[in-house]
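Trainee: Fold the following, please.
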Amino acid sequence: MSYSLGILDQSPIIEDATNEQTLQNTVALAQKAEQLGYSRFWVSEHHNTDTLAGTSPEVLVSYLLAKTKSINIGSGGVMLQHYSPYKVAENFHVLASLEPGRVDLGIGKAPGGLPLSTKALQYGTINKGEDFEERLTFLQHLLEDAVPVEHHLHGVQATPIPKVKPSLFLLGASSQSAALAGKLGIAFVFARFINSDHDVLKEAVEAYRTHNPKGHFAISIAAFAAPTKEEAKNLVGEQKITKVHLASGRSLTLNSVELAEKFGQESGESFTVQQYDADILYGTPEDIKEKLDGYHVQYQIDEFILHTPVLQAFERKRSFELLSPLNLHLQQKEAVS
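Mentor: Purely as a prediction, here's the structure:
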């Protein structure tokens, strides 16, 4: 099948590992992913948490690029509401100048943490993400070195200008985000491990393809493989997705009921918390490949970026090995330009 496979690693702190060990585990996994034929390896942005060590993807990306040779390395993603698009463009232009053709810039709309960390990140400023489209558009113009004449910052450049620009992706879990990516002509990654609603996925694909029929549409999906389906099921267990729904209409996904309630309290809004069964693909490599093949055919998916929410070190590593393109004998697609 002509789709590719990547990995999203959130640098989970597992089995009492230190922060230092956790980040070195991410480095080792990136190197292993390269050996196993994965198309790309992404790291995430989460703040003020003692369960994940990945708070600064742009810093971690630079280190991973230096520790690997050929695999694409990127952010999954940079939370743009907190940062100047100009500085983000500068950061990734430096990376792309150091490692041409290997740098991915995934952009996210979520805060990546609770309101307290958002206030800390935006110290001295206030940004509720309402200008996200404007920020993303400006970032795209900077990456293309094409800030339009009518823009009040026309003439500015995010130097150094690399010979090969970073590949830009928008990450999201709604048809609205997919439509925005399609309209801007950039690649889109649907976060299915956050939103497993098939109807929303279908709407997102249709919205994206309406604007960008030949664009790159990927899914970030929770998946776990083991030698037998029974073992995979036992290791996955009864995992839940926890969402906090705010009175303003925003909904966010948190790691636990406690964090969701804390988010709601810090937001200053009335809120409700709900839990849903996590939709994780589990089974043998053949079981999961059959599911991925089905998504590929039904929705014309170009790439799957695997997220593995199982917190046992050996079994987690083994799953990535079992699902690797080399093991599944997948024909890789060309990287996004």
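
Trainee: other SSEs contacting the helix or strand where Ala179 lies?
Mentor: If you go by DSSP states H and E, Ala179 is part of helix 175-184. Identification of packing neighbours for helix 175-184 by 3 or more CB pairs under 8 Å, 6 or more residues apart in numbering; DSSP states H and E yields helix 132-143, strand 167-172, strand 187-191, helix 198-211. In this view, the C-beta of every residue, glycine as well, is placed from N, C-alpha and C.

Trainee: Can you show me the strands along the stretch 51-200 of the chain?
Mentor: According to DSSP state E, counting those that start in this stretch, the stretch 51-200 of the chain carries its strands in the segments 72-79, 103-108, 167-172, 187-191.

Trainee: returning to that earlier point: want to throw the helices and strands packed on helix 175-184 into TSV with mean pLDDT and mean neighbour count?
Mentor: Listed next are those as TSV, based on pLDDT from 0 to 100; neighbours: other CB atoms under 10 Å:
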stretch	mean pLDDT	mean neighbour count
helix 132-143	97	19
strand 167-172	98	25
strand 187-191	98	26
helix 198-211	97	17
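
Trainee: Any idea which of those gets closest to Ser62?
Mentor: Ser62 lies closest, by CB to CB, to one member of those: strand 167-172, at 16.1 Å.

Trainee: Check the gap between Lys243 and Val273 for me.
Mentor: Counting by CB to CB, to the nearest Å, the gap between Lys243 and Val273 amounts to 7 Å.

Trainee: following the top helix by length along the chain, which helix or strand comes up?
Mentor: Here the longest helix in the chain is taken by residue count, with DSSP state H as the criterion, and it is helix 19-36. Once the chain leaves helix 19-36, the next helix or strand it forms, by DSSP H and E, is strand 40-43.

Trainee: Not counting its own residues, what contacts that following strand?
Mentor: The contact list for strand 40-43, computed with CB atoms under 8 Å, 6 or more residues apart in numbering, reads 6-11, 26, 29-30, 33-34, 54, 57, 60-61, 64, 68, 71-77, 104, 106, 305, 335.

Trainee: Strand partners (parallel or antiparallel) of that strand?
Mentor: On the basis of DSSP bridges, the sheet neighbours of strand 40-43 come out as strand 4-9 (parallel), strand 72-79 (parallel).
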